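1. build me a structure from this.
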Amino acid sequence: MEEVNSKLYMENWYMMQENERLRKKAELLNQENQNLLNELKQRLPTAAGNNSSASNSVKKKSKSNK
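-> This is a model prediction of the structure:
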């Protein structure tokens, strides 16, 4: 019985170690994901602003030509 208990204890210990390793990895991946999302959010308004300015210029030019 003691041998079985020791074996289960070691299995549990290894699982807890693996769980901790995976938790840290998930935390790093989440942080990287947040950083990439913030970078994307910063780029999108800039790109959208540039596109709308360009399209407004084209609309103004075509109206003035009429």
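2. what pLDDT does N56 get?
-> At N56, the pLDDT value in this model is 59.
3. do the same with E11
-> The model's pLDDT for E11 equals 98.
4. and if you look at V4?
-> Reported pLDDT for V4: 94.
5. contacting residues around N12?
-> Taking Cβ atoms under 8 Å, 6 or more residues apart in numbering, we find N12 in contact with no residue. In short, each C-beta sits where N, CA and C put it, glycine included.
6. where are the low-confidence patches of the protein?
-> For the chain, the stretches flagged by pLDDT under 70 are 51-66.
7. the helices in it, which residues?
-> 2-64 (DSSP state H).
8. centre-most residue in it?
-> Nearest to the geometric centre of the chain sits N33, at 1.7 Å (Cα atoms, centre = their mean).
9. distance check, it against R21.
-> 19 Å (Cβ to Cβ, to the nearest Å).
10. and what of M15?
-> Distance from M15 to R21, by Cβ to Cβ: 11 Å.
11. now swap in A48 and tell me
-> For A48 relative to R21 (Cβ to Cβ), the value is 41 Å.
12. swap in S6?
-> Distance check for S6 against R21: by Cβ to Cβ, it reads 23 Å.
13. next: M10.
-> The gap separating M10 from R21 is 17 Å, by Cβ to Cβ.
14. before we move on, what about N38?
-> Taking Cβ to Cβ, one finds N38 at 27 Å from R21.
15. then E32?
-> Distance from E32 to R21, counting by Cβ to Cβ: 17 Å.
16. repeat that for Q31.
-> In this structure, Q31 and R21 are 16 Å apart, going by Cβ to Cβ.
17. what's the burial count for G49?
-> A total of 10 residues lie near G49 under the criterion other Cβ atoms under 10 Å.
18. got a list of what it touches?
-> By Cβ under 8 Å, 6+ apart, G49 has no neighbours at all.
19. got it, and Y14?
-> Counting by Cβ under 8 Å, 6+ apart, Y14 has no contacts.
20. next one: E2
-> By Cβ under 8 Å, 6+ apart, the contact list for E2 is empty.
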